[in-house]
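*Asks:* Would you be able to build a 3D model of this:
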Amino acid sequence: MLLACLPLVCSAMTAEEEAAWFDSDAEQQALAVNEGDLVFLATAPGGRILRTRNRLTLTADSLADGWVRLDQCQSSLDPVPALEIVYRYQAMRDLRIESFAGMERAWVEDGSVQMVNLGDDAELCISAGVQVLHSLGAGRYEIRSGPFHRRFLDGYYPLQLDYRVSYPPELLRVEAVQPVAQPGFSVVQQPGALQIDAVFEGRLTIRLGLRAP
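*Replies:* All right, here's what the predicted structure looks like:
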């Protein structure tokens with residue numbers, strides 16, 4: 001089951017209707033949904049695959065200022081002498097390392113996390129504030145996350161994404177999700193929560209359309 005919705009929570013939009021939701025604002029028409037050669041994988045490939053757990057937590061204040069809490073963990077990192085993760089949010093604050101394992105050292109440097117001497121079981125978890133909730137007017141909001149990708153030299157490699165968004169159900173509901181649910185990209189909604197599980201190669205940008213009830 002690729003799309004599970006509780007009654008009266010998730011509208012059964014077609015792909016065309018979801019595209020129209022975002023494109024109804026002229027400014028949004030210039031925004032690309034995905035960048036790069038994106039390919040969803042119906043099943044995770046064997047061997048090592050980078051796993052990203054992404055959590056966005058919206059509050060009532062988020063509707064006023066756009067700031068949400070980000071909690072993210074990266075696991076199955078490559079065993080290499082040095083590695084960096086660069087965060088390219090337009091607005092980010094309070095980036096901090098919550099935990100790390102399977103490596104000698106990790107530290108925050110500007111908008112990145114630097115790591116050295118990673119082993120086979122390396123994992124990193126961070127938290128930050130990110131300004132990703134954008135008001136479109138008339139009680140409509142958008143979140144753009146990504147692009148998520150795992151790139152080495154000129155090639156893209158598989159990535160497994162566990163993506164969650166929580167929000168006050170009395171203040172917001174999710175009306176549209178892009179890309180649409182398909183093999184390799186599952187979407188599940190319930191009041192106050194959205195869950196996406198994806199396995200893919202390339203660059204994935206997720207767009208959520210939300211509206212005040």
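*Asks:* Might you list the low-confidence residue ranges for this protein?
*Replies:* Counting by pLDDT under 70, the low-confidence segments of the chain come to 1-36.
*Asks:* Domain boundaries for it, per the record?
*Replies:* What automatic domain parsing lists as the domains of the chain is 1-17+33-54+145-213, 67-131.
*Asks:* who's in contact with Arg53?
*Replies:* Gln72, Cys73, Gln74, Ser75, Asp162 (Cβ atoms under 8 Å, 6 or more residues apart in numbering). C-beta coordinates here come from the backbone N, C-alpha and C atoms, glycine included.
*Asks:* among those, which are in strands?
*Replies:* Mapping the contacts of Arg53 onto strands (DSSP state E) picks out Gln72, Cys73, Gln74, Ser75, Asp162.
*Asks:* isn't Gln160 right up against Asn54?
*Replies:* No. The criterion here is Cβ atoms under 8 Å, and Gln160 misses it with Asn54 at 11.3 Å.
*Asks:* could you say what helices and strands whichever strand or helix holds Val68 packs with?
*Replies:* Under the criterion of DSSP states H and E, Val68 resides in strand 67-75. If you count contacts as 3 or more Cβ pairs under 8 Å, 6 or more residues apart in numbering; DSSP states H and E, strand 67-75 packs onto strand 50-57, strand 112-131.
*Asks:* could you check the distance from the residue nearest the centre of the chain over to Glu201?
*Replies:* By Cα atoms, centre = their mean, the chain has its centre lying nearest to Ser145, at 4.5 Å. Per Cβ to Cβ, to the nearest Å, Ser145 is found 18 Å from Glu201.
*Asks:* circling back: now, of the contacts of Arg53, which are buried?
*Replies:* In the contacts of Arg53, burial by neighbour count holds for Gln72, Cys73, Gln74, Ser75, counting by 16 or more other Cβ atoms under 10 Å.
*Asks:* quick one: which two of those are the most distant?
*Replies:* Distance extremes for the buried ones among the contacts of Arg53: the farthest pair is Gln72 and Ser75 at 10.7 Å, using Cβ to Cβ.
*Asks:* dump the residue contacts of Gly129.
*Replies:* Trp67, Val68, Arg69, Leu70, Met92, Arg93, Asp94.
*Asks:* And for it, nearest residue in space, chain neighbours not counted?
*Replies:* Arg93 (4.6 Å; Cβ to Cβ, 6 or more residues apart in numbering).
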